[in-house]
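A.B. asks: For reference, the sequence and a predicted model appear below.
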Amino acid sequence: MRKFLVTLILVSAVISCNKDDAMDDNILNGTYAKKFNIIHYKTNPMYDVDKKTFEILNFDYARDKDHIYFGNKIIDGADIDSFAIVGDYMSKDKNNVYYRENILEGADPETFFAIGGELPKYFSDRKKIYNREGKPLDINIDKFRLLMENYVIDDKNVYYDGRKISGADIKTFTPLSDTYSKDSNHVYMEYRVVEDADPETFVIVPDMSKKKSEIYTKDKSHVYYYGEIIKDVDSGTFVQIGNIYAKDKNHIYESKQILDIDINSYKIWENGIYIKDKTKVYWGSMPVEGVDPETFEELGEENLAKDKNHVYSGDSVLEKLEPALLKYIGGPYYLYKNNVLYLGSASLLGKKRKLETDIDGKSFVYMGDELIKDKKNVYYAGQRLKEVNPEDLNTAEDAKKLRKKIINGILGIQKQRR
């Protein structure tokens, strides 16, 4: 997905509630919440939950003294004491393996485990290999090998994310990235053949901004955008110049489109959301109308920019913000007058809502990524971490440990009141 499109950032964390009053309308983990004294999963009320013993296990699992829940559904017969989450939508207890809320028939819970990293794509017990939907795969378990996160191989076939790559030569098969691979005969994008691609000379085009990217690939004859040939491109001089933009000796490109940008005077910023020359500015493939190119500058990673006259979100003007008063802090945070703005949750375009956070604009310290603190509180993704003391967050190592706790769902997040 193109980085210049603003994405909705969903912040999640695990909350354990041993007291009925420990969870209120302002506490959630992105999926579970208590509203009007009723537990909800997303928008679905869970009327029969024992609120005093209700405990959130992760984004989609919870339990009380009587039941294990997947979402708002009871996993019938699940043993509470031995229940364990194995991977996305996969769990087990001493008796069964479960996919979502259903028993995975025939799977052996004693030997069932996830293969791979934090988001495993494959699972195994003593008899079979399973994909992430719990479907047994026709893989020889005695010859099974994990090549990369998405790729596995046995003595006959290669699989990408649980789907067989038809015709792949297992003797010469080589993964190139999470998306691309090749053998002596073909190049593959996921499990499909990239037509006309030459495996001997095929490479992923490196991003000159040193960011990992798989948008553009090429061989001796062609340049590809997500596996589709871009016509009339000079393969020998084609390079990616940042995020979504690329160039050859003749043109600047965004996806498969040639931009009306002077190749000799263009400027692109580190985050690669906007590109300009002496007379024009583009946001992706969209020209930004009425802009002053000379004073135009990109502001961070949230599709924001400004010139001497306006603040821009994407290719549109944000009329209520004065450019001279808007300063970039880091990540999704900006300073406007004495207000800290959090702009990572959604596009501001056309939104009639307050932009200010509760973060003190005079005492804030940006700690990297989504973390920021002031003299009273610590915030992640614009939301207060009520359990964290700002005096305990001082170094990069402190921030790293705190982010790990958030990702693993150990901390609850206090929603900001409006």
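C.D. replies: Arrived safely. Numbering: from 1, shown residues only.
A.B. asks: Specify the local secondary structure of residue 404.
C.D. replies: Secondary structure, DSSP: H, G, I helix; E, B strand; the rest coil: residue 404 is helix.
A.B. asks: Run a quick neighbour tally on it.
C.D. replies: Counted with other Cβ atoms under 10 Å, residues neighbouring residue 404 total 10. Quick note: C-beta positions are derived from backbone N, CA and C, even for glycine.
A.B. asks: Could you list the low-pLDDT ranges of the stretch 201-350 of the chain?
C.D. replies: Low-confidence segments of the stretch 201-350 of the chain (pLDDT under 70): 208-212, 344-350.
A.B. asks: Apply 80 and report the result again.
C.D. replies: Within the stretch 201-350 of the chain, the stretches with pLDDT under 80 are 207-213, 302, 343-350.
A.B. asks: One more: the stretch 51-200 of the chain?
C.D. replies: 116-118.
A.B. asks: where along it do the helices fall?
C.D. replies: Remark: no helices are assigned in the stretch 51-200 of the chain by DSSP state H, counting those that start in this stretch.
A.B. asks: Apart from its neighbours in sequence, what residue is nearest residue 73?
C.D. replies: Distances taken as Cβ to Cβ, 6 or more residues apart in numbering put residue 101 closest to residue 73, at 4.4 Å, once the chain neighbours are dropped.
A.B. asks: right, and that neighbour touches residue 72 too?
C.D. replies: No. Counting by Cβ atoms under 8 Å, residue 101 stays clear of residue 72, with 9.6 Å between them.
A.B. asks: Please give me every residue in contact with the residue nearest to residue 73.
C.D. replies: Contacts for residue 101 (Cβ atoms under 8 Å, 6 or more residues apart in numbering) come out as 70-71, 73-76.
A.B. asks: List only buried entries from these.
C.D. replies: Buried members of these, counted by 16 or more other Cβ atoms under 10 Å: 70-71, 74-75.
A.B. asks: Nearest to residue 181 among those residues?
C.D. replies: residue 70 (33.6 Å; Cβ to Cβ).
A.B. asks: hang on, the earlier thing: nearest to residue 48, out of the contacts of residue 101: which one, please.
C.D. replies: Minimum distance to residue 48 across the contacts of residue 101 is 8.4 Å, recorded for residue 74 (Cβ to Cβ).
A.B. asks: Is it correct that the closest one is in contact with residue 67?
C.D. replies: Yes. Between residue 74 and residue 67 there is a contact under Cβ under 8 Å: 4.8 Å.
A.B. asks: Tell me which strands the host helix or strand of residue 298 pairs with, and in which orientation.
C.D. replies: Per DSSP states H and E: residue 298 is located in strand 297-299. Looking at strand 297-299 with DSSP bridges, its partner strands are strand 304-306 (antiparallel).
A.B. asks: Name the residues of the strand it pairs with that are buried.
C.D. replies: 304-306.
A.B. asks: How about stretch 82-97?
C.D. replies: In stretch 82-97, counting by 16+ other Cβ under 10 Å, buried: 83, 85-93, 96-97.
A.B. asks: what's the neighbour count on the nearest residue to residue 86 once chain neighbours are set aside?
C.D. replies: Nearest residue to residue 86 in three dimensions, chain neighbours excluded: residue 114, at 5.2 Å (Cβ to Cβ, 6+ apart). Neighbourhood size, residue 114 [other Cβ under 10 Å]: 19.
A.B. asks: Residue 188 now?
C.D. replies: 26.
A.B. asks: how much space is there between the closest residue to it other than its chain neighbours and residue 124?
C.D. replies: With Cβ to Cβ, 6+ apart as the criterion, residue 188 has its nearest non-adjacent residue at 4.8 Å, and that residue is residue 181. Distance, residue 181 to residue 124, using Cβ to Cβ, to the nearest Å: 22 Å.
A.B. asks: Then residue 253?
C.D. replies: For residue 253, the distance to residue 124 - Cβ to Cβ - is 43 Å.
A.B. asks: Settle it for me: which of these two has more neighbours?
C.D. replies: More crowded of residue 253 and residue 124, by other Cβ under 10 Å: residue 253, with 24 against 21.
A.B. asks: Specify the beta-bridge partners of the more buried one.
C.D. replies: So, taking DSSP bridges as the rule, residue 253 has residue 246, residue 258 as bridge partners.
A.B. asks: List the residues that contact it.
C.D. replies: Shown in contact with residue 253 (Cβ under 8 Å, 6+ apart): 230, 233, 245-247, 259.
A.B. asks: between the residues you listed, which is nearest residue 268?
C.D. replies: Proximity of the contacts of residue 253 to residue 268 (Cβ to Cβ) peaks at residue 245, which lies at 6.0 Å.
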